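A.B. asks: build the 3D model from these lines:
(2 chains)
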Amino acid sequence: MAPNRSNDKTALIVHPDMTAVSSLQNTFVKNEITAIVARDLPTALLAITQHFFDVVVVSSRISEEGDGWTLGGVIRLVFPKAFVLMIAPGTDLITLKNAINHGIDEVLEGTASPEQIVSTTLRSPAIAGKRHATPKERIQ
Amino acid sequence: MARKKKSLLIVDDEVNVTRTLQMVFEDEGYSVTPAYSCAEALKLMKNGHLFDGVITDLNMERDDIGLTVARRALELKPQPVVVICTGFANMSNARQALLMHVHYLATKPVELDELKSNLRRLIAIKDSGQKAGR
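C.D. replies: Numbering: from 1, shown residues only, chains lettered A, B, ... in the order given. From the prediction side, this is the model:
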């Protein structure tokens, strides 16, 4: 089924931790962004077939080790204009390399607060309206 | 009808590296233009050469000058796939590459099969997007 597009901004949060998911969802809603949540890979994959997302926040630790990066790459292909933010255990060189090679827009450490994560997405072109092309969009 | 070869610009000040990559990618069916400095690469891009992919080293005339090649390549229309291939990746230059939306970062010693398959994949995505009129 083709994803539906509405005028409202919609975020997808993919994170295995219930507390993190809940805090992020509340913070997005406070900023008038609808937030849909998924705590595992199958739910996330189902969500991307049913909704259009402007912003996606993914934990690199979803399901099996490394699945978060693969999911990020899939999301980049499905939603070329979305802002994709990865939450990773650290932002070392390997993490940055993974981010570039999966078409991720930004990486934040797991210690980042929900406010910090949401404010980063609010500054993104996908939400702020002054969009720059994302990696896959640019090559298209 | 014969299919037009995909074109690559390969930028590295180490002649042996450039020639090896040129040989590898020509063997894969690409048409390869070598450049041995940032200045030479910028001149080629300024002269209206169109490339499907640009693979650039980082440290040439000076450290991280390959980011200048990448930045310029990302401004081209149609935009090529931009790959940084370096033995000197660090937090600073990788972060800059992420923010400017470089398509791929390969660290030396390069895993050639991985580089070849990812370049092929990224160029195919670009082609499918162009055919769809996106």
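
A.B. asks: phi and psi next, for the closest residue to residue B:5 other than its chain neighbours.
C.D. replies: Among residues not flanking residue B:5 along the chain, residue B:31 sits closest, at 4.2 Å (C-beta to C-beta, 6 or more residues apart in numbering or on different chains). Bear in mind the C-beta positions are built from the backbone N, C-alpha and C, glycine included. With angles defined as degrees, to the nearest 10, residue B:31 sits at phi -100, psi 120.

A.B. asks: read off the pLDDT value for residue B:31.
C.D. replies: pLDDT, residue B:31: 98.

A.B. asks: what about it, neighbour count?
C.D. replies: A count of nearby residues for residue B:31, using other C-beta atoms under 10 Å in any protein chain shown, gives 13.

A.B. asks: OK, contacts around it?
C.D. replies: For residue B:31, the contact set (C-beta atoms under 8 Å, 6 or more residues apart in numbering or on different chains) comprises B:5-8.

A.B. asks: so which bits of chain B are right by chain A?
C.D. replies: B:74, B:79-81, B:89-91, B:94-95, B:97-98, B:101-105, B:107, B:118, B:122, B:125-126, B:128-130, B:132, B:134 (C-beta under 8 Å from any C-beta of the partner chain).

A.B. asks: kindly write the ChimeraX command that selects the buried subset of the residues you listed.
C.D. replies: Buried subset of those, written as a ChimeraX selection, criterion 16 or more other C-beta atoms under 10 Å in any protein chain shown:
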select /B:74,79,80,81,89,94,95,97,98,101,102,103,104,105,107,118,122,125,126,129
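
A.B. asks: so where does the residue nearest in space to the middle of chain A fall, helix or strand?
C.D. replies: Taking C-alpha atoms, centre = their mean, the centroid of chain A lies closest to residue A:56, which sits 2.0 Å from it. Here residue A:56, judged by DSSP states H and E, is contained in strand A:55-59.

A.B. asks: same question, residue B:124
C.D. replies: Per DSSP H and E: residue B:124 is located in helix B:112-131.

A.B. asks: counting contacts, what elements does that helix pack onto?
C.D. replies: Applying 3 or more C-beta pairs under 8 Å, 6 or more residues apart in numbering or on different chains; DSSP states H and E, we find helix B:112-131 packed against helix A:135-139, helix B:15-27, strand B:53-56, strand B:81-86, strand B:104-107.

A.B. asks: buried deepest among these, which one?
C.D. replies: When you average the neighbours per residue for each of these (mean count of other C-beta atoms under 10 Å in any protein chain shown), strand B:53-56 leads with a mean of 27.

A.B. asks: got a list of what residue A:92 touches?
C.D. replies: residue B:91.

A.B. asks: again, 10 Å this time
C.D. replies: A:98, A:107, A:109, B:91, B:94 (C-beta atoms under 10 Å, 6 or more residues apart in numbering or on different chains).

A.B. asks: tell me how far the last one lies from residue A:97.
C.D. replies: Applying C-beta to C-beta, to the nearest Å, one obtains 6 Å for the distance of residue B:94 from residue A:97.

A.B. asks: overlap in contacts of the two?
C.D. replies: Here residue B:94 and residue A:97 share the contacting residues B:84, B:105, B:107, scored by C-beta under 10 Å, 6+ apart.

A.B. asks: quick check: the first one touching residue B:110?
C.D. replies: Translated: residue B:84. No. Look at residue B:84 against residue B:110 with C-beta atoms under 10 Å: they stay out of range, at 11.0 Å.

A.B. asks: give me the common contacts of these two.
C.D. replies: Listed as contacting both residue B:84 and residue B:110 by C-beta under 10 Å, 6+ apart are residue B:55.

A.B. asks: and the pLDDT at whichever residue of chain B sits closest to chain A?
C.D. replies: As assessed by C-beta to the nearest C-beta, chain A sits closest to residue B:129 within chain B, at 2.5 Å. Looking at residue B:129, its pLDDT stands at 73.
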